[in-house]
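Novice: structure, please.
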Amino acid sequence: MKQSNIRVAALVVTYNRKALLAECLVAVTAQSFAPSVVVVIDNASTDGTEELFCDGGELASIPDMHYFRMSENLGGAGGFKEGIKRCMEMGCDWIWLMDDDCIARPDALSELVKALPVVERLGGVPSFLASSVAGPDGEPMNVPVLDSRPTENGYPNWYLGLADGMVEIECATFVSLLINARAVEKLGLPIASFFIWGDDTEYTTRLTHHFGPAYLVGKSSVLHKRVNAKSLNIQNEDDPVRIANFHRLYRNNLIVKRYHHGWGDAVRQIVFNFKDAMKCLLVGTGGISARWARSAALLKGTFEFLAGGCDLEDLGRLVK
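Specialist: Numbering: from 1, shown residues only. Got it, this is the predicted structure:
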């Protein structure tokens, strides 16, 4: 597979991070392997993001840049759904997607593309490849989940690509992923109604379970300038806005359990959620209002799942 024959569309979803978006796009357009087109989905930013792309704007002269401003904030999930759809309409072979606070190293895309024939040699058409991600201080971030599913003899084979600096993974976050357009054609788009948190876990799990293997490529690396570098954990979350959003994470994770791992895993997660809600309320940090907010968000997400309060679009046909 020759790199020159591959058409890659780069996709960035943004919301109210004008300066970071500009830095992200400068890195995207400075890649040693240049994407064929760059698509930007703006989730109705109010910080003047559109000025970057107007006549005389900082990014207006970049060739093959396509900027789309949404009429409302669709969340990360809706933004990536819209962006992937637009990329597919442009006739790409692969979609390299990321958030606006992802700063790619100059060879990040090149290393992903160079890994494609290695995956085929290992025995499969890849659904996606992922970059290794580090935070501002070099800390690990957005660590994908190893594919520990057993093969025919009962052992997992995630380690088979180690000699080539790769490991097989089951799911990952939308921070520098190279997604196969053929997988999108077969399995559709991310679930917009997830809004935030868990949409990438669902989508990448859908791809590895129903299309082909995925790999973390060690030589491809990006910097993730996320303000909060900690993993999502409601127990130590103090921001009231983020606490209120946690119901989506719990709802979305239950949907992933139910549709991709079966009802047994979903039921076990529901039991855990109720126990965790009590833990938040009884022994959590902060005052009673903060403890109750955490517990309420967790219970709200669980009951939203049980009530079917999320439009799953075409995911239902993949039910286990």
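Novice: tally up the residues packed near residue 136, please.
Specialist: Residue 136 has 14 neighbouring residues, counting by other CB atoms under 10 Å. C-beta coordinates here come from the backbone N, C-alpha and C atoms, glycine included.
Novice: secondary structure class for it?
Specialist: coil (DSSP: H, G, I helix; E, B strand; the rest coil).
Novice: surely it and residue 103 touch.
Specialist: No. Contact status for residue 136 versus residue 103: not in contact, 9.8 Å apart, counting by CB atoms under 8 Å.
Novice: can you list residues touching both of these two?
Specialist: 223, 225 (CB atoms under 8 Å, 6 or more residues apart in numbering).
Novice: count the neighbours of residue 33 for me.
Specialist: 18.
Novice: any idea how far it lies from residue 104?
Specialist: As judged by CB to CB, to the nearest Å, residue 33 and residue 104 stand 11 Å apart.
Novice: next: residue 281.
Specialist: 42 Å.
Novice: between these two, point out the one with more neighbours.
Specialist: Legend: neighbour count by other CB under 10 Å for residue 281 and residue 104, higher for residue 104 (24 against 17).
Novice: correct me if wrong: that one contacts residue 28.
Specialist: Yes. Between residue 104 and residue 28 there is a contact under CB under 8 Å: 6.2 Å.
Novice: not counting its neighbours along the chain, what's nearest the residue nearest in space to the middle of the chain?
Specialist: By CA atoms, centre = their mean, the mean C-alpha position of the chain lies nearest to residue 174, the distance being 2.2 Å. Residue nearest to residue 174 in three dimensions, not counting chain neighbours: residue 200, with 4.2 Å by CB to CB, 6 or more residues apart in numbering.
Novice: same question for residue 151.
Specialist: That would be residue 157: by CB to CB, 6+ apart, it lies 5.3 Å from residue 151.
Novice: partner residues bridging residue 216?
Specialist: residue 130, residue 167 (DSSP bridges).
Novice: go ahead and confirm it touches residue 132.
Specialist: Yes. In this structure, residue 216 is within contact of residue 132 by CB under 8 Å, at 6.4 Å.
Novice: residue 10 belongs to a strand, doesn't it?
Specialist: Yes. Using three-state DSSP, the secondary structure at residue 10 is a strand.
Novice: quick one: residues contacting it.
Specialist: 28, 35, 37-39, 95-98, 109.
Novice: ranges for the strands of the chain?
Specialist: Secondary structure of the chain (DSSP state E): strands at 8-14, 37-42, 65-69, 94-99, 102-104, 128-134, 145-146, 166-171, 177-180, 214-224.
Novice: nearest to residue 265, of the contacts of residue 10?
Specialist: Of all the contacts of residue 10, residue 265 sits closest to residue 97, with 27.2 Å by CB to CB.
Novice: that closest one is in contact with residue 177, isn't it?
Specialist: Yes. Between residue 97 and residue 177 there is a contact at 5.6 Å, judged by CB under 8 Å.
Novice: remind me, longest helix of the protein?
Specialist: helix 263-283 (DSSP state H).
Novice: other SSEs contacting that helix?
Specialist: On a contact count with 3 or more CB pairs under 8 Å, 6 or more residues apart in numbering; DSSP states H and E, helix 263-283 meets helix 240-256, helix 288-306.
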